[in-house]
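**Q** Requesting a structural model of the entry that follows:
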Amino acid sequence: MKEADLMSKKISSVNNNVIKNLAKLKQKKYREKTGLYMIEGFHLVEEALKAGEKFIYLLGAEEALLHLAKKFSINLESKNVLEINTLVASHLTSTKNSQDIFMILKISQPQNYHFNFGKWVLLDHLADPGNVGTIVRTADAAGFDGVVLAPESVDIYNPKTQRAMQGSQFHINLIMENLPTVIKEMQDNAIPVYASLLDQNAKQLPEFEKVPQVGIVIGNEAHGVTTEIAKLSDEKLYIPIKGQAESLNAAVAAGIIIYYFS
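**A** Below you'll find the model as predicted:
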């Protein structure tokens, strides 16, 4: 595409209707209303393109768009590729230092997913987007099949969660589902479910056998695994604390357990 053609599509006002609507996607209620979410930054956008994600809009500064077009053979003449200036990028960004590249994607949740095989992390009411993103990234790195989030957990389309996942959201299954339903189906398919608890009377991690399939429950940062989910689990799991620290960060604990069973 010629530079003049690209410049003719440039959006330079934050009052542009498209920009005004896309900026609202930083809020959960608008993501739910539209079924869309936004990612930003070269790494996340490139990971989405590598994974073959179909974007609703690709927005960026001229140099950024030209770079992606060359690397991924993107047609810059497409009506859903929009050039924006720094002012508009600052209006859309959720970070202090925008890289002036954004992508709008459709929220897509698997319907009627069957939990009859694999290794999974189950997140019970996790509230911190950084922890959730880090756990997803760790599960991806360890070769797990996916992460299941209780509906009460933090929104996986939250910009902070998206950044913390670092593109792993495009590599493994991320499913929002009621945990009791998931746990029952796993157990019906001979997949053991272990709940991580801060309880020295629980079975310690080194005592567990390495199993080919597993469900690992990680609880809320402040309150841990809920009583209901703990009762439904096959066994309670405890990571031994050898020093004076009272507990481990949820994402760190998850990482230790994930790699133990990987």
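**Q** Any idea how far apart the tips of stretch 139-154 sit?
**A** 17 Å (C-alpha to C-alpha, to the nearest Å).
**Q** Please list the residues outside that stretch that contact it.
**A** Outside stretch 139-154, the residues that touch it by C-beta atoms under 8 Å, 6 or more residues apart in numbering are 115, 117-129, 132, 135-136, 156, 161, 168, 171-179, 182, 254, 258-259, 262. For glycine as for every other residue, the C-beta is placed from the backbone atoms N, C-alpha and C.
**Q** in it, what counts as buried?
**A** Along stretch 139-154, the positions that meet the burial threshold by neighbour count (16 or more other C-beta atoms under 10 Å) are 139, 140, 141, 142, 144, 146, 147, 148, 149, 150, 153, 154.
**Q** for the record, mean pLDDT for that stretch?
**A** Taken as a whole, stretch 139-154 has an average pLDDT of 96.
**Q** Please apply the same query to stretch 89-99.
**A** Averaged over stretch 89-99, pLDDT sits at 92.
**Q** Just the residues contacting stretch 193-201, thanks.
**A** Under C-beta under 8 Å, 6+ apart, the answer for stretch 193-201 is 122, 183, 186-187, 208, 214-219, 224-225, 229-230, 232-239, 247, 253-254, 257.
**Q** 7 Å - rerun?
**A** 183, 186-187, 214-219, 224-225, 229-230, 233-238, 247, 253, 257 (C-beta atoms under 7 Å, 6 or more residues apart in numbering).
**Q** Farthest-apart pair in the buried residues of stretch 139-154, please.
**A** Put simply, by C-beta to C-beta the two of these set farthest apart are 141 and 150, 22.7 Å from each other.
**Q** can you pull out the helices in the stretch 151-262 of the chain?
**A** Taking DSSP state H, counting those that start in this stretch as the test, the helices found in the stretch 151-262 of the chain are 159-165, 179-188, 227-232, 250-260.
**Q** Tabulate those helices in TSV, adding columns for mean neighbour count, mean pLDDT and distance to residue 63.
**A** Listed next are the helices of the stretch 151-262 of the chain as TSV, based on neighbours: other C-beta atoms under 10 Å; pLDDT from 0 to 100; distance: least, C-beta to C-beta, whole Å:
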stretch	mean neighbour count	mean pLDDT	distance to residue 63
helix 159-165	22	96	22
helix 179-188	17	98	45
helix 227-232	15	97	49
helix 250-260	20	98	35
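**Q** can you redo those helices as TSV with distance to residue 12?
**A** TSV is the format used below for those (distance: least, C-beta to C-beta, whole Å):
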stretch	distance to residue 12
helix 159-165	23
helix 179-188	47
helix 227-232	51
helix 250-260	40
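**Q** just so I know, which of the ones you listed lies nearest residue 30?
**A** Across the helices of the stretch 151-262 of the chain, residue 30 has its closest neighbour in helix 159-165 (12.4 Å, C-beta to C-beta).
**Q** From the chain's centroid, how far away is the strand or helix carrying residue 67?
**A** For residue 67, the element it lies in under DSSP states H and E is helix 62-72. Distance, stretch centre to chain centre, for helix 62-72: 25 Å (C-alpha atoms, centre = their mean, to the nearest Å).
**Q** Please report the residue range of the longest helix in the protein.
**A** Longest helix of the chain, by residue count under DSSP state H: helix 129-141.
**Q** The helix or strand following that one pairs with which strands, parallel or anti?
**A** Of the helices and strands lying after helix 129-141 in sequence (DSSP H and E), the nearest is strand 146-149. Strand 146-149 sits in its sheet next to strand 119-124 (parallel), strand 173-176 (parallel), going by DSSP bridges.
**Q** Which of those sits closest to residue 98?
**A** Nearest to residue 98 among the strands paired with strand 146-149 is strand 173-176 (25.0 Å), distances taken as C-beta to C-beta.
**Q** related to what we said a few turns ago, could you list the buried residues of the longest helix of the chain?
**A** Buried residues in helix 129-141, counted by 16+ other C-beta under 10 Å: 129, 131, 132, 133, 134, 135, 136, 137, 138, 139, 140, 141.
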